[in-house]
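Student: here is my input; please provide its structure:
(chains A and B)
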Amino acid sequence: MARLAMLIDLKACVGCAACSVACKMENEVPVGGSRLWIREREMGTFPNLTVEYRPEQCAHCENPPCVPVCPTGATYQNEEGLVLVDYHKCIACSACVAACPYDARFISKAGYVEKCTFCAHRLARNEEPACVTTCPTYARVFGDLDDPDSDINKAIQAAGQGHVLRPELGLKPKVIYVNPPSKQGLTRKEAQL
Amino acid sequence: MKLQRRSFIKLSAAAVGAMGVGGVAVMSNRAKASPWYHKEVKTVYSICENCFWRCGVKVSVVGNRVYKADGYKENPKSRGMLCPRGQGAPAQTYDPDRLKKPLIRVEGSERGSGQYREASWEEALDYIAKKMLALKESHGTESIAFFGHGTGDFWFVDFLPAAWGSPNAAKPSVSLCTAPREVAAQYTFGRAIGGHEPIDWPNSKYIVLIGHHIGEDTHNTQLQEFSEARKNGAKLVVVDPRFSTAAAKADRWLPIKPGTDTALLLAWIHVLVSENLYDREYVEKYTLGMDKLIPHVKDFTPEWAEQITEIPAGVIRDVAREMAAQKPRAILPPTRHTVWYGNDTQRMRASYILNVLLGNYGREGGFYIAMPPFLEAFPTPPLPLVPAAGGCAGPAAVTEQPEGFRPRADAGKFFAQSTAIQELIEPMITGKPYPIRGLFAYGISMFHTIPNVPRTREAIKNLDLYVAIDVLPKEHVMWADVILPEATFLERYDDFVTVAHKTPFVQARFPAHEPLWDTKPGWWIARELGKRIGLEQFFPWQTFEEYLNTRLMSVGLDLETMRQMGTMVQRGRPWLTDWEKEGRLPFNTTSGKIEIYSEAFAAAGFDPLPKYEEPQPVPQGYYRLLYGRSPVHTFARTQNNPVLMEQESTNAVWLNTEEAARLGFKRGDWAFMINPDGMREGPLPVRVTERIRKDAVYITHGFGHKGKGLSLAYGRGACDAHLQNHYTLDRISGGAGLRNNFVRLEKAPRPRLRSVVQIIRERRG
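Tutor: The predicted model follows:
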């Protein structure tokens, strides 16, 4: 068992989208869809400004709202805590797309739902997800929240506090942000530029 | 501290098994063919060509297609990571808009009208050779100019012109980019900065960036090391009229009035000198001219600078004291693009002098001393001329060319000893000092790069021969008489890329698969053309493998070994202490020391110590046009790349919120940008933002393509070069200062543009 999670250090991230493009290439994500994207938000007034660059992707929630709504059982949670889709079973009904509060899912033209898998195929080879490997700012740490010695737990401790999007929903998302530039914490999703 | 990628999870055998089951469920599905990574994947070492940082990459190939590019740890450029452009680089090779066969302009058709017929390579090369030999007869070898940019430019801008006998060879990376910083470095340190800036970021404690694009230009290694520096606790000060990405990461942002940077630098020097905060021991040991600098900066007080820069004197003083407190681990890294206002060599000199006062050149946390790797050239008979174009590392240090050839057509216009690309346009029109009648354009984006585009178009119309060698039908390409389609970087060998570095290294590019369509590598084109114009003796090798292998023998290697390595790293001498151990210093100046005061500049009639000059003022009703980089695009080269265009399909003009309100622009509005000569660009979206001063607007460079053969790039956004009708020539470096250009904004209707996604889907059929 494990609880695999992704940490993103917003102090380091410059919003360059290397992660986003790496994801696109690695997973042959179809044109028009994105499993990983960047939000950029400016706050304040000249010259007292703050900008948040925030990559977003499926958070592989511990309490994923997409799983119970799936009528065919295509969306499931595996033993490592990954939320995955069995494309054989997916009927592209969009129930999960509507249930996801992070807009992490889309229906591909091939007729099934797509989203971030934390590069499950790479994990099987003991390689990190493509977005982690390529990040030129060392903004991403991937690892097991159940392992107290994991790099991700150390990074959360070093930062003092981890933040998640929409914590009030109680989904326990496993994309964890540290060091948001604003003292108020993460900016709201709908407040993007 | 060196950051290490570490094993992220302790996977038990059972866990791996479980993952495997999940993997099967993910991968095998009814609609999608097996993904590329489950097929037979071959790994090939290459060098990314999607920008000029040129990271070593390993690419994953299945059959005739590269699916993924990644960095590799042994390569000091990529160090295992890649930027978005590198990640997206493979997509270019499979672009259906590629040039696929040699093309010859239809007899009698006008240049720019785009009427072409397909030709064989033999016919196309014979055609060019015949015209070249006729031009040699009528106007001399110097009447053909050679422009280029990219790894293959060695053949078309260095080797071929020198073998042929034309000093009129130029790259935009010199006079439209690095020339001022490189000339200033040559005359201060006696060393180049070079294409891989020798900054010891990770060990720096205090970093001051002036107009630096880091984070927006994603030069991979530099971005990694910048991030390391910040993780290591370095303080960051960013000087920029715009709240750039770097500013967003800074401890202090100084929103300077554009064009006044030299005044700020002089004031910082003033504080270091007047408060006795500089590194006296370093200055005494390694430099000349401090005695002249002290009285020179006496009046350049922070109060004087505040009036000019609009940065409070107290802040100026505080920053100077903070940087002095961290010396020698405090640094002002030079930017790459330094052609701003025309006085740019002097601004860079001021920056270097400040660095020297911090005692950081050749010391940890400052500049390291970059050494080029050892690798011999392929032995050929001596070339008639010395290659004079220079490159990213600045102007070539050519002091004299052999007799029997006319001097460069731009000679005498400026001090530096290499060609300035923008100064070679005029002779195509006026015939003075002598006519340039032929032109090769290799890999550059002429109408996006060289200012005063109408002049360039007029010049091209005048030519007797215009040849373009490229991958895509960019607008300037479709004006050529002959178009030669080059194989992409994934399909070809290239000459080795040698990088001056802390650990000097040689990296290699191996083809991932055969060239698609009827395209050929640059080296093949150069050799085949060379054979037709009487230069066969300079191409004595029979195969390119032989060429590469022979070069590698000079370092005891062979091509097959290199194929398994990708990169060969050598030992350097990065610190002054390394040099002192050998009883010498690295400064190749006339005096052998760092020259704070430049006797050479004085002798040539230039200020031997930097002075502030006012930039041209902004005309009433206009904004200063600033421009920069997008992290997902490189200049004007990547706007037809489907993966990158999906990320960012247009530029937008940044306009200060208050100015927007005054002009009635709202979020979501579109605008035309119009310069004082009435040239109009756009329409493009208006980005209403607090992140820029009121006296300037900003766009990223590279959009606004007018080549109709570029189905994704065409007609999106605005091109800064088309608004830059004027430039201020730096009389020292030959650089074309581009920031004395101004625009006003006019409301535009939202254009009916088809979405990039829709076009990509259609292109795939």
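
Student: where do the helices of chain A begin and end?
Tutor: Taking DSSP state H, the helices of chain A run over residues A:18-26, A:66-69, A:95-99, A:120-123, A:130-134, A:151-159.

Student: how many residues are close by the closest residue to chain B within chain A?
Tutor: For chain A and chain B, the shortest gap (C-beta to the nearest C-beta) falls at A:Y87, measuring 3.0 Å. C-betas here are computed from N, CA, C, even on glycine. A count of nearby residues for A:Y87, using other C-beta atoms under 10 Å in any protein chain shown, gives 22.

Student: same deal with B:K694?
Tutor: Counted with other C-beta under 10 Å, B:K694 comes out at 14.

Student: enumerate every residue touching residue 115.
Tutor: Assuming you mean chain A. A:35, A:57-58, A:85, A:104-106 (C-beta atoms under 8 Å, 6 or more residues apart in numbering or on different chains).

Student: that's the wrong chain, I wanted chain B
Tutor: So B:Q115 contacts B:105-106, B:109 (C-beta under 8 Å, 6+ apart).

Student: show me what from the stretch 201-350 of chain B comes close to chain A.
Tutor: Within reach of chain A by C-beta under 8 Å from any C-beta of the partner chain, the stretch 201-350 of chain B has these residues: B:215-216, B:218, B:220, B:223-224, B:226-228, B:230-231, B:243, B:245, B:247-249, B:253, B:255.

Student: which among the residues you listed count as buried?
Tutor: B:215-216, B:218, B:220, B:223-224, B:226-228, B:230-231, B:243, B:245, B:247-249, B:253, B:255 (16 or more other C-beta atoms under 10 Å in any protein chain shown).

Student: next step: the residues you listed restricted to strands.
Tutor: Using DSSP state E, the subset of these located in strands is B:W253.

Student: residue boundaries of the strands in the stretch 351-500 of chain B?
Tutor: With DSSP state E, counting those that start in this stretch, the ranges of strands along the stretch 351-500 of chain B come out as B:438-442, B:465-470, B:482-485, B:497-499.

Student: low pLDDT regions in chain B?
Tutor: Within chain B, the stretches with pLDDT under 70 are B:1-33.

Student: break it into its domains for me.
Tutor: Chain B breaks down by automatic domain parsing into domains covering B:38-94+B:489-519+B:545-572, B:99-170+B:407-486, B:178-370, B:623-764.

Student: thinking again about what came up before, widest-spaced pair of the contacts of A:K115?
Tutor: In the contacts of A:K115, two members sit farther apart than any others by C-beta to C-beta. They are A:Q57 and A:V85, at 14.3 Å.

Student: make JSON lines out of the domains of chain B and add distance to A:F46.
Tutor: JSON lines is the format used below for the domains of chain B (distance: least, C-beta to C-beta, whole Å):
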{"stretch": "domain B:38-94+B:489-519+B:545-572", "distance to A:F46": "29"}
{"stretch": "domain B:99-170+B:407-486", "distance to A:F46": "30"}
{"stretch": "domain B:178-370", "distance to A:F46": "7"}
{"stretch": "domain B:623-764", "distance to A:F46": "4"}
